[in-house]
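> the following comprises the amino acid sequence and a computationally predicted model.
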Amino acid sequence: MITYYSQRAAEYDRIYDIPERQPDIQELHRLCGAMFEGLDVLEVSCGTGYWTQSIASSAKSITASDINDSVLQIARNRTWSGTAVEFRQADSYALPDFDRRFNAAFSGFWWSHIPQNRIRDFLLGFHAHLAPNAPVVFIDNRYVEGSSTPISRIDENGDSFQIRKLGDGSSYEVLKNFPSKDELTAAIEGIAHSVKVNLLDYYWILSYQKK
Ligand SMILES: C[S@@+](CC[C@H](N)C(=O)[O-])C[C@H]1O[C@@H](n2cnc3c(N)ncnc32)[C@H](O)[C@@H]1O
C-alpha cells in the first residue's frame, strides 16, 4: 500500500475528477471548508494535500502528515496562503510527539485502508494528540457497483482487497474496506460523542467529538 501510493503520487488527484462524482466532491469540499473554522487541525495520511487545501480555507492552522515523502512533496508545492500549514513525514499508526494537543482532526480516504483489527489502536493513537471534545472528521468511499474498482478478494479477517493499476502498467493489491454505518459507529464506541454518519451517493462522512 505504501509503495503503491508512493508510485501513484503524480496521478493521485485524477480520482477526484470522475464526472459522476462531482456533486459529492463539491459537498465534501464545502464540509471541509466549513467544519474547521478557526481550529488547529491535525490531519493524518494527507496524501497530496488535496483536502488540506479546503480545510485551509477556514482553519487557523493545519499539521498534516503522511508516510510517503513523494506525496508530501506535491502537497508542499501547492499554494498555501494565510493559514499556517506544516507537513510532516509520519506513520499514522505511530505518530510523533507534536508537543501540543490539537483541537480538531481530519483524515480523508485513510480509514478504508486500515485493517479492521488495527482500527481501534489507530484511533486511540490519533485521539491521544487531541484535546477533549475536539471535532474529528473522516471521509471515505462507499462501494458503488459499476463505479468502484471491484473487490478482488476478502481475507480471513474480513478485510477486502482491490487490484489497482497505475499509468505505467504496474499493478498492486491494495486493502480497501467499505464499512457500513453500524461498523463505523461501533469502531468509535466509548471514545466519541455527538456521532454522525452522513451517506452521500459515493462517499461517507463520519463526524464526532472526541470524548
Ligand atoms: C487513499 S490515500 C489518501 C490521501 C489523502 N488523504 C486524500 O484523501 O487525497 C492514502 C494515503 O495514506 C498514506 N499512507 C499509507 N500508509 C500509511 C501509514 N502507515 N501512515 C501514514 N500514511 C500512510 C499513503 O501514502 C496515501 O497518501
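That came through, no problem.
> tell me what the residue most central in space within the chain is bridged to.
Centroid-nearest residue in the chain, with Cα atoms, centre = their mean: G108, separated by 1.9 Å. On DSSP bridges, the residues paired with G108 through beta bridges are I139.
> now do the strands in this protein.
Listed in chain order, the strands of the chain (DSSP state E) span 40-43, 61-66, 84-89, 104-108, 135-141, 153-154, 160-165, 171-175, 192-199, 203-210.
> so which residue of this protein comes closest to the ligand?
Taking Cβ to the nearest ligand atom, the ligand has its nearest neighbour within the chain at G47, 2.4 Å off. For glycine as for every other residue, the C-beta is placed from the backbone atoms N, C-alpha and C.
> what bits of the protein have low per-residue confidence?
Under the criterion of pLDDT under 70, none of the chain is flagged as low confidence.
> up against the ligand, what does it have?
Within the chain, the residues that sit near the ligand (Cβ under 6 Å from any ligand atom) are 1-2, 5, 45-47, 50-51, 66-68, 71, 91-93, 108-110, 113.
> mind listing what the residue of the chain most remote from its centre touches?
Here the chain reaches farthest from its C-alpha mean at G169, the gap being 25.9 Å by Cα atoms, centre = their mean. G169 sits next to no residue when contact means Cβ atoms under 8 Å, 6 or more residues apart in numbering.
> cool, and N141?
By Cβ under 8 Å, 6+ apart, the residues touching N141 are 109, 112, 148, 176, 178, 202-204.
> and Q162, by the same measure?
In this structure, Q162 makes contact with 149-152, 173-174, 176, judged by Cβ under 8 Å, 6+ apart.
> ranking those residues by neighbours, who comes first?
If you count neighbours using other Cβ atoms under 10 Å, the busiest of the contacts of Q162 is K176, which has 21 neighbours.
> surely that residue touches I163?
No - in this structure, K176 sits apart from I163 without contact. The criterion is Cβ atoms under 8 Å, and the distance is 10.3 Å.
> between these two, what contacts are shared?
Taking Cβ under 8 Å, 6+ apart as the criterion, K176 and I163 both touch T149.
> how about the longest helix seen in the chain: buried residues?
Of all segments of type helix in the chain, defined using DSSP state H, the longest is helix 22-34. With burial defined by 16 or more other Cβ atoms under 10 Å, the residues of helix 22-34 counted as buried are 24-25, 28-29, 31-33.
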